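> pasted the sequence and its predicted model underneath.
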Amino acid sequence: MRPVIASLKSLPLFSFLADDTVAEMVSKMQIHHLEEGDVIVRQGEEGGVMYVILSGTVKISLEDPHGRELVLSNRGPYDVIGETSLIDLEPRAATVSALTPLELLSLTHGDLMASLGEQSSSALETMQDIVAQLRVDYQAEILQKLPLFADLPQDMLQEIARKMAKLDLAKDEELFHKGDPGDALYVIRTGWVKIVTEDALGEELILNQCGPSDAIGEMSLVDGQPRSASVIALSDAEVLRLSRDDFLSVLDDRPALALDIIRNISARLRFATTYIEEAIEWSKRIAEGDYTSAIDQIQATRSSEDSDDRSDADKASELLSAFFTMIQVVKEREDKLRQQLRELTIQIDEAKRQEEFDTLTGSDFFKELKESAQKMRDQNPED
């Protein structure tokens, strides 16, 4: 079991424990044999059990609101699953199932406490602190992916992440309604939500669906404007809430960092302006039928995509090129339709000539003329 002990000791959660304590944990583990397709843990189930893979491969996946599977990653021998929920008993954030025949070990929360013995209270407290920090790191990682926070240092991201509060939603429960004050940013931890508004007839119009790690209402932290749409849970969901007041309090304590956010927003506004200008110019060319110029611009953009030193105009063109690639398809379809129209015109003209010919040759005048010509030939056989 040395590889199992080494694997556990490599995790922050158990790295501070003595080797004999970890060995005691391993000795209390139960072995399991599973077949391909068997589910080990299911998204939303209560935590409290950790698993170590001995052989085989598992997949970690989510299920979207339509029942479709979204595979996040695969794990193999000596990978550990569910160590944080072993400590804080949080519900499973994803489903884990066997991709191959599987052999694995399991450790319950109760067996962990028994393994820790007399040090269980202090060790559990340390582990809870580590789990809390791991969750803060996870939340900071999500925040850093948002444009508003992209340039902030790690310590500030973690400070903001610590201010995020957990909120549970039941299926069909409304997170906020269109027109509500924009007073918080939300990050989905588990579950799915839909962003909706109403059409002209008052019917629900779904604008988007969001799932784990997606963020909603980022700019409300800055402008505080009313919500432009409603958000409703498609399933039971857990979201993390960062209030605008908490966000601004962090900036009050560290005003210099507000400049980074201002620069970030300014850069996004400049890019948006450039994007709109490029879109108007390209659309104008297409409306005038100038396909060649637009296609040449797309090709020039693609040739410079590998360059890291690109202007806003280059980046805007890169985004637009993905959309305007369809110009080539439209042009090809237009050329094909023109050719088909020419062929159809020829066919119509030929059909019309044939109809006129049939009308002429079928008339009484033509029959009489034909009979007269035949009589003349009969009377003059030498001709």
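On my side now, so go ahead.
> switch to C-alpha atoms for all contacts and neighbour counts from now on
Noted.
> show me the contact partners of stretch 84-93.
With C-alpha atoms under 8 Å, 6 or more residues apart in numbering as the contact definition, stretch 84-93 has outside contacts at 13, 41-50, 82, 108-109, 124, 127-128, 131, 189-190.
> buried subset of the residues you listed?
With neighbours counted using 16 or more other C-alpha atoms under 10 Å, the contacts of stretch 84-93 contain these buried positions: 13, 41-44, 47-50, 82, 108-109, 124, 127-128, 131, 189-190.
> nearest spatial neighbour of residue 218, skipping sequence neighbours?
If you skip the residues right next to it in sequence, residue 218 has residue 185 as its closest partner in space, 5.3 Å away by C-alpha to C-alpha, 6 or more residues apart in numbering.
> from residue 121, how far out is that neighbour?
From residue 185 over to residue 121 the distance is 36 Å, taken as C-alpha to C-alpha, to the nearest Å.
> more neighbours: which of the two?
Neighbour tally, residue 185 and residue 121, criterion other C-alpha atoms under 10 Å: the higher count belongs to residue 185, 20 against 12.
> and the next helix or strand past the helix or strand containing the more buried one?
Counting by DSSP states H and E, the secondary-structure element that holds residue 185 is strand 184-190. Tracing the chain past strand 184-190, the next element assigned as helix or strand by DSSP H and E is strand 193-198.
> partners of the helix or strand following that following strand in the sheet?
Towards the C-terminus, the helix or strand next in line after strand 193-198, according to DSSP H and E, is strand 204-210. Using DSSP bridges, the strands paired with strand 204-210 in its sheet are strand 193-198 (antiparallel).
> for the partner strand, buried residues please.
The neighbour-count check on strand 193-198 (16+ other C-alpha under 10 Å) flags 193, 194, 195, 196, 197 as buried.
> likewise stretch 144-151?
144, 148, 149, 150, 151.
> got the confidence number for the first one?
I take that to be residue 144. Predicted confidence (pLDDT) at residue 144: the value is 86.
> leaving out chain neighbours, which residue sits closest to it?
Closest residue in space to residue 144, ignoring its immediate chain neighbours: residue 150 at 4.8 Å, by C-alpha to C-alpha, 6+ apart.
> list the contacts for the closest residue to residue 149 other than its chain neighbours?
Leaving aside its sequence neighbours, residue 149 sits nearest to residue 143 (C-alpha to C-alpha, 6+ apart; 6.1 Å). Residue 143 is in contact with 149, 150, 157, 161, counting by C-alpha under 8 Å, 6+ apart.
> in those, find the pair that's most separated.
Within the contacts of residue 143, 150 and 161 form the most distant pair, 13.7 Å apart (C-alpha to C-alpha).
> which secondary structure state does residue 14 sit in?
The three-state assignment at residue 14 reads coil, by DSSP: H, G, I helix; E, B strand; the rest coil.
> what about it, neighbour count?
One way to gauge burial is a neighbour count; for residue 14, by other C-alpha under 10 Å, it gives 20.
> which SS class is the nearest residue to it once chain neighbours are set aside?
Closest residue to residue 14 apart from its sequence neighbours, by C-alpha to C-alpha, 6+ apart: residue 8 at 6.2 Å. Put simply, residue 8 is helix when judged by three-state DSSP.
> in the stretch 1-150 of the chain, which spans are strands?
Secondary structure of the stretch 1-150 of the chain (DSSP state E, counting those that start in this stretch): strands located at 30-34, 39-41, 49-55, 58-63, 69-75, 80-81, 95-98, 102-108.
> which neighbouring elements make contact with the second one?
For strand 39-41, the helices and strands in contact under the criterion 3 or more C-alpha pairs under 8 Å, 6 or more residues apart in numbering; DSSP states H and E are strand 95-98.
> the strand it packs on pairs with which strands?
Assessed with DSSP bridges, strand 95-98 is paired to strand 39-41 (antiparallel), strand 58-63 (antiparallel).
> coming back round to it: between the buried residues of strand 193-198, which is nearest residue 228?
Taking C-alpha to C-alpha as the measure, residue 228 lies nearest residue 197 of those, at 8.0 Å.
> how many degrees apart are the strand holding residue 185 and strand 58-63 in direction?
Angular relation of strand 184-190 and strand 58-63 on a 0 to 180 degree scale: 130 degrees, by axes from the mean of the first three to the mean of the last three C-alpha atoms, to 10 degrees.
> who are the packing partners of strand 184-190?
Using 3+ C-alpha pairs under 8 Å, 6+ apart as the contact criterion, the secondary-structure elements in contact with strand 184-190 are strand 215-216, helix 220-223, strand 237-243.
> can we see that at 10 Å?
Contact partners of strand 184-190 among helices and strands, from 3 or more C-alpha pairs under 10 Å, 6 or more residues apart in numbering; DSSP states H and E: helix 120-144, strand 165-169, strand 215-216, helix 220-223, strand 237-243, helix 244-253.
> need those in CSV (columns: distance to residue 334).
Compiled in CSV, the helices and strands packed on strand 184-190 are given as follows (distance: least, C-alpha to C-alpha, whole Å):
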stretch, distance to residue 334
helix 120-144, 45
strand 165-169, 51
strand 215-216, 41
helix 220-223, 45
strand 237-243, 48
helix 244-253, 52
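> wait, which of the ones you listed is closest to residue 20?
Ranking the helices and strands packed on strand 184-190 by distance to residue 20, with C-alpha to C-alpha as the measure, places helix 120-144 first at 14.2 Å.
> helix or strand right after the closest one?
helix 154-162.
> give the buried residues for that following helix.
Of the residues in helix 154-162, those buried (16+ other C-alpha under 10 Å) are 156, 157, 158, 160, 161, 162.
> look up how far residue 8 lies from the closest residue in space to the third one that isn't next to it in sequence.
It stands for residue 158. The spatially closest residue to residue 158, leaving aside those adjacent along the chain, is residue 140, at 5.3 Å (C-alpha to C-alpha, 6+ apart). With distances taken as C-alpha to C-alpha, residue 140 is found 25 Å from residue 8.
> all good on my end, thank you.
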